[in-house]
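1. Show me how the following folds:
(one chain, ligands or ions: 1)
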Amino acid sequence: MSRDTLTHILDLARWAPSGDNTQPWRFEIVDDHLIRVHGTDTRDHILYDYDGHPSHIAHGALLETIRIAASGFGLTTNWTISSEGDDRNPTYDVSLAHSPTIVQDPLLPCIEIRTVQRRPMKTKPLTDTQRRALINAAGDGFHVQLFESWGDRMKVASLLWGSAKVRLTCPEAYPVHKEIIEWRARYSKDRIPEQAIGVDPATARLMEWVMQSWERVAFFNRYLLGTVAPRIELDLLPALCCAAHLLVRPQRAPEVLADWVHLGIAVQRVWLTATHHGLHLQPQMTPLIFRWYARAGRQFSSEPALFEQALKLSGDFEKIANATAKDDFGFFARVGISPVPQSRSIRQDLAALMKR
Ligand SMILES: Cc1cc2nc3c(=O)[nH]c(=O)nc-3n(C[C@H](O)[C@H](O)[C@H](O)COP(=O)(O)O)c2cc1C
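-> Numbers count the residues shown, from 1 in each chain. Model (predicted):
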């Protein structure tokens, strides 16, 4: 196949989602049949990138997006991982081949329009078709659990309210929040633009000022109920205003890199399927990531009380999901109908994503 075709495929694939829009990958066109993806992760400086697994999930989402994009050119893909025992810098070799029987994947038109909706959505319930499509989208090895009733959404809202307190009072999360927001922006190539985070302009200006230093954040949190306004806007209202919360549960605990990559494939299929069925989605991964830390007994903060809160929230989460401490949770999100967001993360140009 021509370089042009491979470039086209990568140009589409770069729209795959990644935590905080970090795009933990660089591309190399090795020859006319082989694309090499050089994966990275952000575990060294992003608290939420627990052992690099959210980045591994993004790698999986990218590989699935390459597969779907390639189907539009009558091509099949087959990927192999080589991590040489170190999952910090895995490489994925994606070989492409012509196939007379391949048909274009119906999810292809959704690749570029899929985007996060962080604002409140309509509470209109899922239709049977939407529900069935979401449950089947994750594929073999994954179970999709939906929380749809008002009572269930209240329970999830309470979980997110608690989790947001941990997030906003955690000194180790502060540099992440400071780094990932592009203030006063509608689009951002390598971060999340202010207008896509889901707060009104006045709250955004206050947040920008407060987030200049951790001392300001700590003072606000302590004396001025600083976490209340953002938690109402960013967590409580969105949690209530949606059609459902959705939990992807791997049937077998992910152990090796390939397991996380397969989870990422499932995540992207669920997200694109939601888009295909006219729904928006917002991942809400912090309760799930704090649970990873808590259930592994790993302190994630210099403030020991936060670990205790994360432990308690993990129990609450398990109660909501009718699960035990041993069960694995892979991806947590909310879905619903809403207008197309006016602001979104875009992507680095393809040239900047090519390995030098
Ligand atoms: C593994 C993973 C975890 C994510 N976690 C969150 C999250 O907790 N909250 C959130 O609002 N968005 C989350 N996102 C969405 C990303 O921020 C988003 O995909 C990225 O900024 C690109 O924006 P787009 O999806 O609108 O193109 C997550 C995405 C991935 C792949």
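
2. can you give me the helices in the stretch 151-300 of the chain?
-> For the stretch 151-300 of the chain, the helices defined by DSSP state H, counting those that start in this stretch cover 174-180, 201-210, 214-223, 228-231, 237-240, 257-276, 286-295.

3. now for the ones you listed, which one comes closest to the ligand?
-> Set against the ligand and scored by C-beta to the nearest ligand atom, the helices of the stretch 151-300 of the chain come closest in helix 286-295, at 5.5 Å. (Each C-beta comes from the backbone N, C-alpha and C, glycine too.)

4. is the ligand contacted by the closest one?
-> Yes: Helix 286-295 is in contact with the ligand by C-beta under 6 Å from any ligand atom, via residue 286.

5. I'd like the next helix or strand past that helix.
-> Sequence order places helix 304-321 as the next helix or strand after helix 286-295, per DSSP states H and E.

6. following that following helix, which helix or strand comes up?
-> As assigned by DSSP H and E, the chain's next helix or strand after helix 304-321 is strand 331-336.

7. Residues touching the helix or strand following that next one, excluding its own?
-> Following strand 331-336 in sequence order, the next helix or strand is strand 344-345 (DSSP H and E). With contact meaning C-beta atoms under 8 Å, 6 or more residues apart in numbering, strand 344-345 is reached by 21, 115-116, 187-189, 191-193, 196.

8. tell me the angle of the helix or strand of the chain with the lowest mean pLDDT relative to helix 201-210?
-> Lowest mean confidence among the helices and strands of the chain (mean pLDDT, DSSP states H and E): helix 214-223, at a mean of 82. Calculated by axes from the mean of the first three to the mean of the last three C-alpha atoms, to 10 degrees, helix 214-223 forms an angle of 120 degrees with helix 201-210.

9. Give the other helices and strands that helix 214-223 contacts.
-> For helix 214-223, the elements it packs on are helix 150-169, helix 201-210, judged by 3 or more C-beta pairs under 8 Å, 6 or more residues apart in numbering; DSSP states H and E.

10. Any chance of CSV for the ones you listed, columns mean neighbour count and mean pLDDT?
-> Shown next, in CSV, are the helices and strands packed on helix 214-223 (neighbours: other C-beta atoms under 10 Å; pLDDT from 0 to 100):
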stretch, mean neighbour count, mean pLDDT
helix 150-169, 19, 96
helix 201-210, 15, 88
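
11. Would you mind listing what in the stretch 101-250 of the chain touches the ligand?
-> Within the stretch 101-250 of the chain, the positions near the ligand by C-beta under 6 Å from any ligand atom are 115-116, 118, 192.
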